[in-house]
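>>> got a predicted structure plus its sequence, pasted below:
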Amino acid sequence: MAHRKTEGSKLLVTVLCTVAACSAVPISDLLDRVSQRSDTLHSLSTTLTQDLDSHFPPIGRIFMPRPSVCHTSSLQIPTDKEQALQVSESDLLSLARSLLQAWLDPLVILSTSAKTLPHPAQSSISNKIQELQEHSRYLGDGLDILSGKMGPTAQAISFLPYRGDNDIGEDKISKLSNFHFLLSCFRRDSHKIDSFLKVLRCRAAKMKPEMC
């Protein structure tokens, strides 16, 4: 028991030291780090979608819901780069954090469902979903630290609860279609997060708007 307490204490100290170190990092450097992480997140989600498409039955696309049904669709966000450039830095960060926060539970569902997904690349897909969770967690930690430097507006989060079922389906077509749809929603949102953070990084570097 004493050994466990010692390990727990060491872990706590390590976490606190890491947070303290990140808090001392300039905003521009933090933006570089979170932008790299978000880029990896979006790239991984795109690769996962391609993995699914490799053996996705055409009839499955007929049953897939439209993107407008994604649980994050109610969030009012810029539709393109030009609109994003008109949004304040704090609001952009708040939007990115809101989108990422909204995927905590759905990513757990994807991770659980991937373990029994009826797909030839099931093992690889399952491992990549776990990577998605890990990158999302690290990105969330970075955005939390960043928001603390940018004030109350950046710390505000719009809560977008996921109201879908934990069970993605019983038959093969339903499982693949629902899994693909949920992953497609995540890929779409990860692209938005990545775009917002790249605009923020661009502004921090004082680049001209047309170069962002």
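Sure thing, it's come through.

>>> can we go C-alpha only for contacts and neighbour counts from here?
Fine.

>>> flag the shaky bits of the protein, pLDDT-wise.
1-24, 59-65, 67, 207-212 (pLDDT under 70).

>>> regarding it, what is its longest helix?
In the chain, with assignment by DSSP state H, the single longest helix is helix 172-204.

>>> so which elements touch it?
helix 27-53, helix 58-63, helix 81-84, helix 89-101, helix 104-114 (3 or more C-alpha pairs under 8 Å, 6 or more residues apart in numbering; DSSP states H and E).

>>> residues near Ala121, how many?
15 (other C-alpha atoms under 10 Å).

>>> sorry, that was for Ile77
15.

>>> for it, give its distance to Glu170.
Counting by C-alpha to C-alpha, to the nearest Å, the gap from Ile77 to Glu170 is 34 Å.

>>> just to revisit the earlier point, quick one: closest of the helices and strands packed on helix 172-204 to Leu176.
helix 58-63 (7.2 Å; C-alpha to C-alpha).

>>> moving C-terminal of the host helix or strand of Ser147, what's the next helix or strand?
Assessed by DSSP states H and E, Ser147 sits inside helix 122-150. Once the chain leaves helix 122-150, the next helix or strand it forms, by DSSP H and E, is helix 152-155.

>>> could you pull out the buried residues of that following helix?
Thr153, Ala154, Gln155 (16 or more other C-alpha atoms under 10 Å).

>>> with stretch 179-189 instead?
Going by neighbour count (16+ other C-alpha under 10 Å), the buried part of stretch 179-189 is Phe179, His180, Phe181, Leu182, Leu183, Ser184, Cys185, Phe186, Arg187, Asp189.

>>> and stretch 191-208, by the same measure?
For stretch 191-208, by 16+ other C-alpha under 10 Å, it's 191-203.
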